[in-house]
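Enquirer: Sequence first, predicted coordinates after that:
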Amino acid sequence: MTLLIATRNAHKLAEIREMLPGITLRGTEAWPEAPDPEETGETFEANARIKAEAWCAATGLPALADDSGLEVEALGGEPGIRSARYAGVHGDTAANNAKLLRALEGVPQGRRGARFVCALALALPGQPTRTLRGVCVGRIADAPSGAGGFGYDPLFIPEGHSRSFADLPAEVKATLSHRAQAFARARAEWFAAEADR
C-alpha cells in the first residue's frame, strides 16, 4: 500500500514516517494545486475525516489524516477542536497557553484534569472511511515548565508523572502521547499486514 499523509507539514510527515515503519508514505507536495479542505467538523474525528476524504478524492490514493487537541474538564472540554486557535490566531502557542492559564485561575489542582486527543481517519477509494483515536490523560499545571515539546506541552502533566510533557525526555513523551497511542492502534488495526512485509 502507498499511503498519502494528508498534511502539508513536513515535520509532521517525518514524525509519522517513524510511527508507520514498513509502509510507503507520500506527502502532499506533488499536488500543490490541490486546495486544503476547510475543517468545519465539530469533533476531532469529523475534521480528520474531512481532510482524509478530500485528499483521497484529489489524488485517488488511500489518505490518512489526523486532528488533535487538548480537552480540559473544568472548561467543559475546551479548547477542544479549537486548540490551535484558542486565543484567536492559529498556532500562537504563547497566547493559547496564556489564555488557558487565565481560564483556570483559581481552579485547584484536583479539578484541572485534562486530556490530549488525537483522531486518525483513513480514507480508501470506494470504501467507508475508518476512524480511531488515541488519548493521553493528565492535568494542567499552574505554570509552564520545560523547554521541549510544543503547543500546550509546557502546561500538560501526564498521569503518573510530576513533570510536564515539555520537561520529560522526548523518548518518554513518544511512548505516552495521544499521537503515539493513536498510531499504535492504527498499526495494529489497519496496517499490520503492510508493516510485516
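Expert: Good, I have the coordinates.

Enquirer: Report the contact partners of the residue nearest to the spatial centre of the chain.
Expert: Among the residues of the chain, the one closest to the centroid is Ser68, at 3.2 Å (C-alpha atoms, centre = their mean). Going by C-beta atoms under 8 Å, 6 or more residues apart in numbering, Ser68 touches Phe44, Ser83, Phe116, Val117, Cys118, Ala119, His178, Arg179. In this view, the C-beta of every residue, glycine as well, is placed from N, C-alpha and C.

Enquirer: make it 7 Å
Expert: Phe44, Phe116, Val117, Cys118, Ala119, His178, Arg179 (C-beta atoms under 7 Å, 6 or more residues apart in numbering).

Enquirer: Could you measure from the fourth one over to Thr131?
Expert: What it means is Cys118. 11 Å (C-beta to C-beta, to the nearest Å).

Enquirer: hmm, back to that, look up the pLDDT of the residue nearest to the centre of the chain for me, please.
Expert: pLDDT for Ser68: 94.

Enquirer: Assign it to helix, strand or coil.
Expert: strand (DSSP: H, G, I helix; E, B strand; the rest coil).

Enquirer: same thing with Ala34?
Expert: Criterion first, three-state DSSP; result for Ala34: coil.

Enquirer: And for it, the neighbour number?
Expert: 15 (other C-beta atoms under 10 Å).

Enquirer: cool, Arg130 as well?
Expert: For Arg130, the neighbour count with other C-beta under 10 Å is 16.

Enquirer: from memory it sits against Leu122, does it?
Expert: Yes. If you go by C-beta atoms under 7 Å, Arg130 and Leu122 touch, sitting 4.7 Å apart.

Enquirer: Identify the contacts common to those two.
Expert: With C-beta under 7 Å, 6+ apart as the test, Arg130 and Leu122 both reach Trp190.

Enquirer: residues of stretch 32-49 that come out buried?
Expert: Across stretch 32-49, burial judged by 16 or more other C-beta atoms under 10 Å covers Pro37, Gly41, Phe44, Glu45, Ala46, Asn47, Ala48, Arg49.

Enquirer: any idea how far Leu25 lies from Ala63?
Expert: Distance from Leu25 to Ala63, by C-beta to C-beta: 11 Å.

Enquirer: Which elements pack onto the lengthiest helix in the chain?
Expert: Scanning the chain for the helix with the most residues, using DSSP state H, yields helix 44-59. In this structure, helix 44-59 packs against strand 63-72, strand 113-123, strand 130-140, with contacts taken as 3 or more C-beta pairs under 7 Å, 6 or more residues apart in numbering; DSSP states H and E.
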